[in-house]
Structure formats: structure tokens, C-alpha cells
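Asker: Predicted model, plus sequence, below.
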Amino acid sequence: MRLKRTKYFNESTIEILLKYNGNTMEKKNYIPLKELKVYQLARQLSTKAWEIYSKMNFEDKKHIGDQFIRSVDSVGANIAEGYHRFYYLDKCRFFYNSRASLAEAMEHWLELLLEREKISKNLFDEFSIIYKDLQVRLNNFIKETKNENQNKNNAE
């Protein structure tokens, strides 16, 4: 790799880039976002939520649907944003937001949809199965993120 010196790259920057782009780079275990089970479940929940939302009339969308779809979509969005943060406290903050959005969507909006007979009990149960699995995995994901930082600090 040939890099020439510019106002953005000095000799030490070029040396660092070569070290990380060359064969001397230490391989890290990195799981792409779309391969994370917790993210896959959040996307599955979003897909099911969209199926409900798209069938609502204008008035239902305006009163309950918009809030429901925003909170469900926010679960996966916060996982994605947190996953790509560097500092573990930033990661955890987004994962906490994701967990809160999950609770809002499932324990408030989805239950209201059921109470108001906008969805069937079977559909509610399908959501609940995904919700319970996602809730446990998200809590474990947060715990593991914190533990990873503690293990890193103990190694130093």
C-alpha cells in the first residue's frame, strides 16, 4: 500500500495505517450487526409490527399506530447505534433505550391494540413469544457488554 504524505497523513499516521491494513494486524472477533440474534429478533418484531400498522385505517394510525411503530422500530435502531459505539457506556446507554422502547411497544401499545380489538389474541401471543425471547437476550447483551469492559480493565 502506498500512501503519500499530505496535510491529512504524516509519517506516523501512514505507519499506523500500514500496520492496521497490512498482515501484521491482529484479528479481532467481530460479529456483524445483522448476525446478532438480538438484532434479528428486533427486526422480526418490526416486520410483524408493520404488518399490523399497514392494515390500520387513517384514524387508528394517527392515534395509536404511529406511536406503536415508532417504539417497535426504535428497538432495532438503538441496538444498531449502540453496537457501533466505541465506549462501553455509550453502548449500554443505547441498549437501555432499546430495552425501554421494547417495553413501551409491548407492554403499553400492543396491549392497547389488544384491548381495543385492533389485533387478535393469536397475533398478540406471537408478539409475546418474540418479546420474551428478545427481552432476555437484550438483558444478557447489556450484561455481556459490561462484563467485556470489566474483563478488559482487569487484563490491564
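Answerer: It's in.

Asker: Could you use CA atoms for every contact and neighbour count after this?
Answerer: Will do.

Asker: Per the annotation, how does the protein divide into domains?
Answerer: 1-30, 31-155 (automatic domain parsing).

Asker: Now do the same contact list for the closest residue to K48 other than its chain neighbours.
Answerer: With Cα to Cα, 6 or more residues apart in numbering as the criterion, K48 has its nearest non-adjacent residue at 7.8 Å, and that residue is F127. When contacts are counted by Cα atoms under 8 Å, 6 or more residues apart in numbering, F127 touches 45, 48, 106.

Asker: The first one against S74, yeah?
Answerer: No. L45 lies out of contact with S74 (Cα atoms under 8 Å); the separation is 10.8 Å.

Asker: any low-confidence regions in this protein?
Answerer: 1-29, 152-153, 155-156 (pLDDT under 70).

Asker: And the helices in it?
Answerer: For the chain, the helices defined by DSSP state H cover 11-21, 37-54, 58-60, 66-83, 88-103, 110-115, 121-155.

Asker: Save these as CSV, and put in distance to Y30 too.
Answerer: Shown next, in CSV, are these (distance: least, Cα to Cα, whole Å):
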stretch, distance to Y30
helix 11-21, 15
helix 37-54, 14
helix 58-60, 42
helix 66-83, 11
helix 88-103, 15
helix 110-115, 34
helix 121-155, 13
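
Asker: Quick check: phi and psi on L36?
Answerer: phi -70, psi 130 (degrees, to the nearest 10).

Asker: my bad, K118
Answerer: Taking degrees, to the nearest 10, you get phi -90, psi -20 for the backbone angles of K118.
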